[in-house]
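Undergrad: generate a structure from the sequence data that follows.
(chains A and B)
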2 protein chains.
Amino acid sequence: MAGDPLHEVEHLRVDAATARPGGRTARVGEAVIDATIAELGEVGYTALRIDAVAERAGVNKSTIYRRWGTKAGLVSTAIIERRGEMAPAADTGRLRGDVVELLKQIRLSFQTPWIAALIRESRPRSADSAEMYELLDKFWPARFRASGAIIERAVERGELPADTDAHFLLEMISGPLYFHLLMLGRPLDDAFLERTADFVLKGAEAQ
Amino acid sequence: MAGDPLHEVEHLRVDAATARPGGRTARVGEAVIDATIAELGEVGYTALRIDAVAERAGVNKSTIYRRWGTKAGLVSTAIIERRGEMAPAADTGRLRGDVVELLKQIRLSFQTPWIAALIRESRPRSADSAEMYELLDKFWPARFRASGAIIERAVERGELPADTDAHFLLEMISGPLYFHLLMLGRPLDDAFLERTADFVLKGAEAQ
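TA: A predicted model of the protein is given here:
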């Protein structure tokens, strides 16, 4: 059911028919999304229980099953609702400044409990991780879209070639941070972020 | 006890006094290291039990405790013994070829069960992960030393400046692969490896 577009459209219709802005349905929805994000941050996706979300939100768990279907459906919705927390990086007017701001934003996100939990549970795609990837395949595109703005602006200003592959460049920019923090266990100090930005931009400008 | 140099020296003395090449002590040691690497690959470090290693190796667990002290001590020793599996990348005679070979070697290592297990359990350094970092702080330097040879050769050939920071460059080269596979869940096909090599080398040559 989760991931079935028709099913999702039907939900939207039900919500539209029963919910008034600020009405009970909206309040319940907000409380459940808040509780889901909080539980995700505390215990991660694998250990997350609908029971615990229901208790935290003060709603009956049958309400959650009726409205969001499955655990994956509930957590996906919560991630999409909270994608606002992945705001586009600040516009400094120059590519280098924007990249450094983006790297600082990534560093901050490692300290956002629900994002840290998703990252902690990430692993290569396999049958075992299929349910996690229902979430991650919603999370990463939202994140790349938010960060892509800095590449578009740089192309408009002529700082990068028009045919720059934004997704690839963002992988080259952010990959070293994940490796440095999560694999080597080293701190992400400003000097490392700036050095990474300078290195990658030399590569990007030379393409 | 593990990590205490005097304790380790004492162990070496005992081993030297009782072991002949191919003797019983050497055979037990090899069986225990083999069993440790196999268990590490199957269940990971956190779930690894000395009991299971002893059973697999066909030795009494008191033998393991006497010789290696703790789980961390045992697994560290096994990693150091097996660092040969992290062989230096092939010498192709050119930096680009060497970097592509290194990236292929990293891709292969994701399929080596004991290395995949270490990577799966890696996370930011904290009080909770201190025991894991007893291992990782032995694993990564061995790995960087093995890979560093390609940078040294490139400097000798004049393909890279003499003051190239090999460690930093290796982080820039390998970071995107970890991100691509472990976070995005995307396949590491040859095209991605070659594109990554070309991008990073443009950056390195432009420094």
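Undergrad: in chain A, what helix or strand scores lowest on average pLDDT?
TA: When the helices and strands of chain A are compared on mean pLDDT, DSSP states H and E, helix A:5-18 comes out lowest with a mean of 44.
Undergrad: by contact count, what packs against the next helix-or-strand element following that one?
TA: Downstream of helix A:5-18, the first helix or strand assigned by DSSP states H and E is helix A:24-43. Applying 3 or more CB pairs under 8 Å, 6 or more residues apart in numbering or on different chains; DSSP states H and E, one finds that helix A:24-43 contacts helix A:5-18, helix A:50-57, helix A:61-68, helix A:71-81, helix A:113-121. Where you see a C-beta, it was placed from the backbone N, CA and C, and this is true even at glycine.
Undergrad: if you compare those helices, which one is most tucked away?
TA: helix A:71-81 (a mean of 21; mean count of other CB atoms under 10 Å in any protein chain shown).
Undergrad: contacts for it, please.
TA: With CB atoms under 8 Å, 6 or more residues apart in numbering or on different chains as the test, helix A:71-81 has contacts from A:1-3, A:32-33, A:36-37, A:40, A:45, A:48, A:50, A:53, A:64, A:68, A:114, A:118, A:131, A:134-135, A:138-139, A:142.
Undergrad: restricted to buried residues, select the residues you listed in ChimeraX.
TA: Selecting only the buried entries of the contacts of helix A:71-81 in ChimeraX, with 16 or more other CB atoms under 10 Å in any protein chain shown as the criterion:
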select /A:2,32,33,36,37,40,45,48,50,53,64,68,114,118,134,135,138,139
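Undergrad: just the angle between the helix or strand hosting residue A:141 and helix A:71-81, please?
TA: Using DSSP H and E, residue A:141 sits in helix A:130-156. For helix A:130-156 against helix A:71-81, the angle by axes from the mean of the first three to the mean of the last three CA atoms, to 10 degrees is 20 degrees.
Undergrad: tell me the helix or strand right after helix A:130-156.
TA: helix A:166-178.
Undergrad: before we move on, the earlier item: adding distance to residue A:107, write the helices and strands packed on helix A:24-43 out as CSV.
TA: Shown next, in CSV, are the helices and strands packed on helix A:24-43 (distance: least, CB to CB, whole Å):
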stretch, distance to residue A:107
helix A:5-18, 34
helix A:50-57, 29
helix A:61-68, 32
helix A:71-81, 20
helix A:113-121, 11
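Undergrad: and the helix holding residue A:141, what's its mean pLDDT?
TA: On average, the pLDDT along helix A:130-156 is 90.
Undergrad: pull out the buried positions in that helix.
TA: Neighbour-count burial for helix A:130-156 [16+ other CB under 10 Å]: A:132-136, A:138-140, A:143-144, A:146-151, A:153-155.
Undergrad: contact partners for the residue nearest to residue A:28 when sequence neighbours are not counted?
TA: Nearest non-adjacent residue to residue A:28, counting by CB to CB, 6 or more residues apart in numbering or on different chains: residue A:59, 5.7 Å away. Contacts for residue A:59 (CB under 8 Å, 6+ apart) come out as A:28, A:31-32.
Undergrad: and the least confident of these?
TA: residue A:28 (90).
Undergrad: ok, the closest residue to chain B within chain A - contacts?
TA: At 3.1 Å from chain B, residue A:203 is the closest residue in chain A, using CB to the nearest CB. When contacts are counted by CB under 8 Å, 6+ apart, residue A:203 touches A:172, B:199-200, B:202-204, B:206.
Undergrad: I'd like to know which of those residues are buried.
TA: Neighbour counting by 16+ other CB under 10 Å classes A:172, B:199-200, B:203-204 among the contacts of residue A:203 as buried.
Undergrad: quick one: residue A:69 from residue A:131, how far?
TA: Applying CB to CB, to the nearest Å, the value for residue A:69 to residue A:131 is 13 Å.
Undergrad: could you do residue A:60 as well?
TA: Where residue A:131 is concerned, residue A:60 sits at a distance of 24 Å (CB to CB).
Undergrad: how about stretch A:180-192, which residues are buried there?
TA: For stretch A:180-192, using 16+ other CB under 10 Å, the buried residues are A:180-185, A:188, A:192.
Undergrad: can you check the pLDDT for residue A:207?
TA: 58.
Undergrad: which bits of chain A sit near chain B?
TA: For chain A, the contact set with chain B under CB under 8 Å from any CB of the partner chain comprises A:110, A:119-120, A:122-125, A:129, A:133, A:136-137, A:140, A:168, A:171-172, A:174-186, A:195-196, A:199-200, A:202-207.
Undergrad: same thing but at 7 Å, please
TA: Within reach of chain B by CB under 7 Å from any CB of the partner chain, chain A has these residues: A:110, A:119-120, A:122-125, A:133, A:136, A:140, A:171-172, A:174-176, A:178-185, A:195, A:199-200, A:202-203, A:206-207.
Undergrad: got any ranges where chain A has weak pLDDT?
TA: Counting by pLDDT under 70, chain A has low-confidence residues at A:1-22, A:84-87, A:206-207.
Undergrad: repeat that with 50
TA: The model of chain A has pLDDT under 50 over residues A:1-17, A:19.
Undergrad: before I go, just wanted to say thanks for your time.
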